[in-house]
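Chemist: next one to model:
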Amino acid sequence: MTLIVCSLRRLPEVVAARAPSHLITLLAPETLAETTIAAPANYLAIGVHDIPHPQPGMVAPSPETIEQIVAFGRTWDERAPMVVHCFAGLSRSTATAFVLACERNPGVDERAIARALRRASPFAAPNPRIVALADDMLGRQGRMLEALEAMGEAEPTSEGEPFELPARH
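Modeler: Numbers count the residues shown, from 1 in each chain. Below is the predicted model:
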C-alpha cells in the first residue's frame, strides 16, 4: 500500500478521497492545539516545530519523536493508505514518510527510496533532524542523510501538492 503526504489545507480532501486507516499529524505545538481533524481511529498527533536543530522556545524533533513515529508505523497493516501531513506538506511530513519507508524496507538502498520520494514530489524538502535521528535509530549509519543530500534541492513552493510514496520498495 501507499503513504500519502499532504499539507494541512489539503488534508480534508485527501482523507475524504483516500479513506486512510492511519494518519500522522506533525504540526507546531501551538497549531496542533487549535487544529480539529476528522481522523481515523489510528491517529498520531505530534507537536513539533519544523527546525533542523534545537532552538530556545521551540520544540525540536527528538529521539522520542522518532520512536513514536516508528512504533505507530508498525501498527499499520498497509490494507489502506496512511496519510502523513504537516503544515505545508514539505518538510516534517516528507521526512516522516521517508523514515517510514526506510523502516519498512531495511534491505533497500536508502538512495532508491530517496529517489522515489523526489520523483513523487519535486517540492519535498525532508526535515534533516527527523532524518538524522531516524538514521541513528534505524542503524542506517548515515546512509539516510547521504540519500537526503543526493536528492538535491527541492523546487521552491509555499505548499506541496499531495503525493504518494510506496511503502514497499
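
Chemist: tell me the buried residues in the least confident helix or strand in the chain by mean pLDDT?
Modeler: Lowest by mean pLDDT, DSSP states H and E among the helices and strands of the chain is helix 29-32, with a mean of 91. Of the residues in helix 29-32, Leu32 count as buried by neighbour count, 16 or more other Cβ atoms under 10 Å. Any C-beta I mention is one placed from the backbone N, CA and C, and that applies to glycine too.

Chemist: with stretch 96-115 instead?
Modeler: 96-105, 110-111, 113-114.

Chemist: can I get that stretch in PDB, CA atoms only?
Modeler: Taking C-alpha atoms only, stretch 96-115 is exported to PDB below (Å, rounded to 0.1, in the frame of the first residue of the first chain):
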ATOM      1  CA  THR A  96       8.300  11.100   8.200                       C
ATOM      2  CA  ALA A  97       7.200   9.300   5.000                       C
ATOM      3  CA  PHE A  98      10.900   8.700   4.200                       C
ATOM      4  CA  VAL A  99      11.500   7.300   7.700                       C
ATOM      5  CA  LEU A 100       8.500   5.000   7.400                       C
ATOM      6  CA  ALA A 101       9.600   3.800   4.000                       C
ATOM      7  CA  CYS A 102      13.100   3.100   5.200                       C
ATOM      8  CA  GLU A 103      11.900   1.300   8.300                       C
ATOM      9  CA  ARG A 104       9.600  -0.900   6.200                       C
ATOM     10  CA  ASN A 105      12.500  -1.700   3.800                       C
ATOM     11  CA  PRO A 106      15.600  -2.500   5.900                       C
ATOM     12  CA  GLY A 107      17.400  -4.100   3.000                       C
ATOM     13  CA  VAL A 108      16.700  -1.500   0.400                       C
ATOM     14  CA  ASP A 109      19.200   1.200  -0.500                       C
ATOM     15  CA  GLU A 110      18.200   4.500   1.100                       C
ATOM     16  CA  ARG A 111      19.100   6.300  -2.100                       C
ATOM     17  CA  ALA A 112      16.500   4.300  -4.000                       C
ATOM     18  CA  ILE A 113      13.800   5.300  -1.500                       C
ATOM     19  CA  ALA A 114      15.000   9.000  -1.700                       C
ATOM     20  CA  ARG A 115      14.900   8.900  -5.500                       C
END
